[in-house]
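[1] Predicted model and sequence follow; I will ask about them next.
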Amino acid sequence: MWTLIWIIACMASFLQTPQPAAAANLLPSANFVEMTRMDCVGNPTYFAHLNCKILPPLNRTLEFSAEVVKSLPALTGYLRVSLPNPKKVFTQIFDITFDVCKAIRDRNRRLLIDFLVRTLARNSNVVMRCPFPKGNYYSKNISVNDLPPMLTENDFMANFDLFIPKVAVLLNVTLQGHLFDTAKENARKKKYL
């Protein structure tokens, strides 16, 4: 039952338009993500020296770097999120396909897309315009925060594909981890301390 509530809450939050940043800062972050596995595969025609990794010891941040060897024109992103069912088989709960260039230009973007753009722009030299020029790019200390507070503790798997429509798949990133509720985690720590 809680999974159904979580799915409905996620979909509602991702489909609404974002609230002003000042209002978002009033709500404390109620969740944090601990990542267990990350795989990145890049098309060698477009990317060289692709590197992505989860940073120990807490596994709450990651880094990404790559050399873009060709200018990247119109890009499309495809994001899928899956949760395990009671039999521990991951089941896709939603997917979204979006025009990356339009998402960068639009100020009135969906909450999920806004979250992705803000997360990539932080601690990064990634050029947020299209077409993406050739060059070396990095994003350091990427942490997943500012998640909607209605999300509950659970394992997850997220897949992100970046492609040029009808031409080539450029990049695939798969991330697995666990979403923790900060209040529950603090209660567990108090119990054992």
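    Thanks, I have it.

[2] C-alpha from now on. contacts and neighbour counts both.
    OK.

[3] And the strands in this structure?
    Counting by DSSP state E, residue ranges of the strands within the chain are 31-42, 47-55, 61-68, 76-84, 90-99, 135-143, 154-164, 168-181.

[4] which regions of the protein lie under the pLDDT threshold?
    Applying pLDDT under 70 to the chain flags the ranges 1-30, 107-113, 115-117, 144-151, 182-193.

[5] you'd agree residue 61 is up against residue 55?
    Yes: applying CA atoms under 8 Å, one finds residue 61 in contact with residue 55, separated by 5.6 Å.

[6] More neighbours: these two, which one.
    Using other CA atoms under 10 Å as the criterion, residue 61 and residue 55 rank with residue 61 on top: 19 against 15.

[7] Could you give the number of residues near the residue lying closest to the more buried one once chain neighbours are set aside?
    Using CA to CA, 6 or more residues apart in numbering and skipping residues adjacent in sequence, the residue nearest residue 61 is residue 143, 4.5 Å away. Neighbour count of residue 143, defined by other CA under 10 Å: 19.

[8] quick one, what contacts residue 143?
    Contacts were defined as CA atoms under 8 Å, 6 or more residues apart in numbering; by that measure residue 143 touches 60, 61, 62, 119.

[9] Tabulate these (CSV), appending distance to residue 106.
    Rendered in CSV, the data for the contacts of residue 143 read as follows (distance: CA to CA, whole Å):
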residue, distance to residue 106
60, 29
61, 27
62, 26
119, 16
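
[10] Of these, which is the nearest to residue 102?
    The shortest distance between residue 102 and any of the contacts of residue 143, using CA to CA, involves residue 119 and amounts to 16.9 Å.

[11] what about the closest one, neighbour count?
    Burial measure for residue 119: 18 neighbouring residues, criterion other CA under 10 Å.

[12] so it makes contact with residue 141?
    No: because the distance of 9.9 Å does not satisfy CA under 8 Å, residue 119 is recorded as not touching residue 141.

[13] Thanks a lot, catch you later.
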